[in-house]
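A.B. asks: Sequence plus predicted model, see below.
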Amino acid sequence: MINAASIGLSTRDLYLFNKGNLYHSYRTLGAHPIRLGDESGVRFAVWAPNARNVRVTGSFNDWNGESHAMQKVGETGIWSLFIPQIGPGTLYKYEIETIQGNRLLKSDPFAFQSELRPKTASIVADLGKYSWRDEKWQRRKQEESPYHEPMLIYELHLGSWKNNGRELFWTYEQMAGELVDYVVEMGYTHIELLPITEHPFDQSWGYQVTGYYSATSRYGSPEQLMLLIDRCHERGIGVILDWVPGHFCKDDHGLRLFDGTPIYEGMNPLRA
């Protein structure tokens with residue numbers, strides 16, 4: 001076991017996580033580029049309370065996690081590891097050894113970016129480099145109450161609003177032009193995007209999720225999504241994101257039986 005402070009984890013955050021009250025858990029769990037001592041690298045943290053062992057495997061170790069075993073952080077059920085000399089763009093998964101001795105390869109539930117399907121690896125991402133330009137929008141939110149203004153919402157699925165052919169989707173950046181112009185011209189106040197969280201099956205329209213913190217790579221990078229939202233805010237358009245935790249996805253790389261036991265779903269498979 002390791003001490004939380006030694007790898008930059010807050011003991012208070014871990015306490016709140018175990019109590020179910022860590023409302024910004026994505027800041028603690030997942031893959032975060034950090035500087036630890038004199039070295040830059042990535043801190044990985046994953047909740048797998050019933051696992052026998054957990055390792056990080058990825059493009060940096062030829063997908064062999066033997067040399068990158070994670071360690072338990074106290075009695076929290078969280079496993080963590082700091083790996084130096086890697087950074088954004090690194091592909092990775094968690095290699096989980098169950099109590100029964102089975103080996104599972106799982107995507108990171110708290111990843112900020114994922115490979116384009118049908119590939120399923122998580123990608124280390126740094127979301128802090130984008131320079132937002134929506135100061136006017138943010139200031140307006142503080143000064144005016146949205147509950148006293150009319151709302152007209154345009155709901156859409158990005159993958160079918162416009163495309164260049166079968167599975168040739170427009171990017172978030174392309175949508176930041178014509179889509180935003182159309183919404184403004186038609187007098188809408190908000191757009192509501194059908195789920196853009198990562199999902200394996202196009203025809204699900206995003207309703208079977210494998211990465212709740214990862215904007216789907218179908219339409220580009222996280223920075224391109226930030227640009228789309230930024231453009232909406234610059235034109236006075238609010239953005240609503242559908243969030244669908246009720247549609248549990250059973251793909252093997254996802255949350256299903258994550259550490260060999262149903263920690264994210266109910267024990268009755270008929271209700272998962």
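C.D. replies: Sure thing, it's come through.
A.B. asks: Quickly run through the sheet partners of the biggest strand by length in the chain, with directions.
C.D. replies: In the chain, taking DSSP state E as the definition, the longest strand is strand 39-47. When pairing is defined by DSSP bridges, strand 39-47 lines up against strand 30-36 (antiparallel), strand 78-84 (antiparallel).
A.B. asks: what's around residue 21, how many residues?
C.D. replies: 10 (other Cβ atoms under 10 Å). All C-beta spots, glycine's among them, are computed from the backbone N, C-alpha and C.
A.B. asks: do the one 4 residues further on as well
C.D. replies: As a burial measure, residue 25 scores 18 neighbours (other Cβ under 10 Å).
A.B. asks: which stretch of helix or strand covers the nearest residue to it once chain neighbours are set aside?
C.D. replies: Using Cβ to Cβ, 6 or more residues apart in numbering and skipping residues adjacent in sequence, the residue nearest residue 25 is residue 17, 5.8 Å away. Per DSSP states H and E, residue 17 falls inside helix 11-19.
A.B. asks: Now do that helix against strand 78-84, angle only.
C.D. replies: 140 degrees (axes from the mean of the first three to the mean of the last three Cα atoms, to 10 degrees).
A.B. asks: Quick check: next helix or strand after the longest strand of the chain?
C.D. replies: Next element after strand 39-47 (DSSP H and E): strand 53-58.
A.B. asks: so what's residue 41 up against?
C.D. replies: With contact set as Cβ atoms under 8 Å, 6 or more residues apart in numbering, residue 41 has these partners: 33-35, 82-87.
A.B. asks: for this protein, which residue is closest to the average position?
C.D. replies: Most central in the chain under Cα atoms, centre = their mean is residue 213, positioned 2.1 Å from the mean C-alpha point.
A.B. asks: Touching, that residue and residue 112? I think so.
C.D. replies: Yes. Between residue 213 and residue 112 there is a contact under Cβ atoms under 8 Å: 5.8 Å.
A.B. asks: who touches both of these two?
C.D. replies: 26, 30.
A.B. asks: still on that earlier bit, hey, which of the strands paired with strand 39-47 is tucked in deepest?
C.D. replies: strand 78-84 (a mean of 21; mean count of other Cβ atoms under 10 Å).
A.B. asks: Can I get that one as CSV, trimmed to CA atoms?
C.D. replies: The C-alpha trace of strand 78-84 is given here as CSV (Å, rounded to 0.1, in the frame of the first residue of the first chain):
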residue,chain,number,x,y,z
ILE,A,78,-8.4,2.9,-5.1
TRP,A,79,-5.3,1.8,-6.9
SER,A,80,-2.7,4.4,-8.1
LEU,A,81,0.6,4.7,-9.9
PHE,A,82,2.7,7.6,-11.1
ILE,A,83,4.5,6.9,-14.3
PRO,A,84,7.2,9.4,-15.3
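A.B. asks: just checking, next helix/strand downstream of it?
C.D. replies: From strand 78-84 onward toward the C-terminus, using DSSP H and E, the following helix or strand is strand 91-97.
A.B. asks: how far off strand 53-58 does that next one point, in degrees?
C.D. replies: Using the same axes, to 10 degrees: strand 91-97 against strand 53-58 is 160 degrees.
A.B. asks: which residues touch strand 91-97?
C.D. replies: By Cβ under 8 Å, 6+ apart, strand 91-97 touches 31, 44, 46, 48, 51-60, 65, 70, 103-108, 115, 120-124, 253, 258-260.
A.B. asks: from those, which would you call buried?
C.D. replies: Among the contacts of strand 91-97, those scoring as buried are 31, 44, 46, 48, 51, 53-58, 60, 65, 70, 104, 106-108, 115, 120-124, 253, 258-260 (criterion: 16 or more other Cβ atoms under 10 Å).
A.B. asks: Can you classify residue 270 by secondary structure?
C.D. replies: Following DSSP: H, G, I helix; E, B strand; the rest coil, we place residue 270 in the helix state.
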